[in-house]
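> could you work out the structure for the sequence below:
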Amino acid sequence: MLRSGRLDGVVVRLVEDSAASDALLAAISSARVPCVCLERPADTRFGFGSVGFDDERGAFAAGGGRSRPSAGRTVRGAGAGQSRDA
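Purely as a prediction, here's the structure:
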């Protein structure tokens, strides 16, 4: 499927660092398919963007708390080396 040219991109949920995850990410990278990783960023050698969630801050915001400045997700741009709270 990766090499068929029928994919515009993929979203991968990384739940742990493992050799299997690295093999999958390497296949995606070598097929030149854009990828965004959820939960945790991939190793920087792959150059994929990532979206991570801060459950504690999100729960605090949902409860109407005021002392945490922002809740939600952290977005990391591929190759940009920058992150921001969204």
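
> beta partners of the residue minimising distance to the centre of the chain?
Taking Cα atoms, centre = their mean as the criterion, Ser50 is the residue nearest the geometric centre of the chain, at 2.2 Å. According to DSSP bridges, the residues that bridge with Ser50 are Cys37, Arg76.

> and it, how close does it get to Leu38?
Distance from Ser50 to Leu38, counting by Cβ to Cβ, to the nearest Å: 7 Å. For glycine as for every other residue, the C-beta is placed from the backbone atoms N, C-alpha and C.

> please apply the same query to Phe60.
With Cβ to Cβ as the criterion, Phe60 and Leu38 are 21 Å apart.

> and for Val12?
Using Cβ to Cβ, Val12 is found at 7 Å from Leu38.

> same question for Ala19.
When Ala19 is compared with Leu38 (using Cβ to Cβ), they lie 20 Å apart.

> who has more neighbours, those two?
Just comparing Ala19 and Leu38: by other Cβ atoms under 10 Å the higher neighbour count belongs to Leu38, 15 against 7.

> can you list the weak-confidence ranges in the protein?
When the per-residue scores of the chain are filtered using pLDDT under 70, the ranges that remain are 65-86.

> which stretches of it form strands?
For the chain, the strands identified by DSSP state E occupy 10-13, 35-38, 49-53, 73-76, 83-85, in order along the chain.

> pull out the buried positions in the third one.
In this case it means strand 49-53. Buried residues in strand 49-53, defined by neighbour count with 16 or more other Cβ atoms under 10 Å: Gly49, Ser50, Val51.

> for the first one, same thing?
Using 16+ other Cβ under 10 Å as the burial criterion, the residues of strand 10-13 that qualify are Val10, Val12.

> show me what that strand is packed up against.
helix 19-30, strand 35-38 (3 or more Cβ pairs under 8 Å, 6 or more residues apart in numbering; DSSP states H and E).

> ok, and the closest non-adjacent residue to Gly9?
Computed as Cβ to Cβ, 6 or more residues apart in numbering, the closest residue to Gly9 that is not its neighbour in sequence is Pro34, at 3.9 Å.
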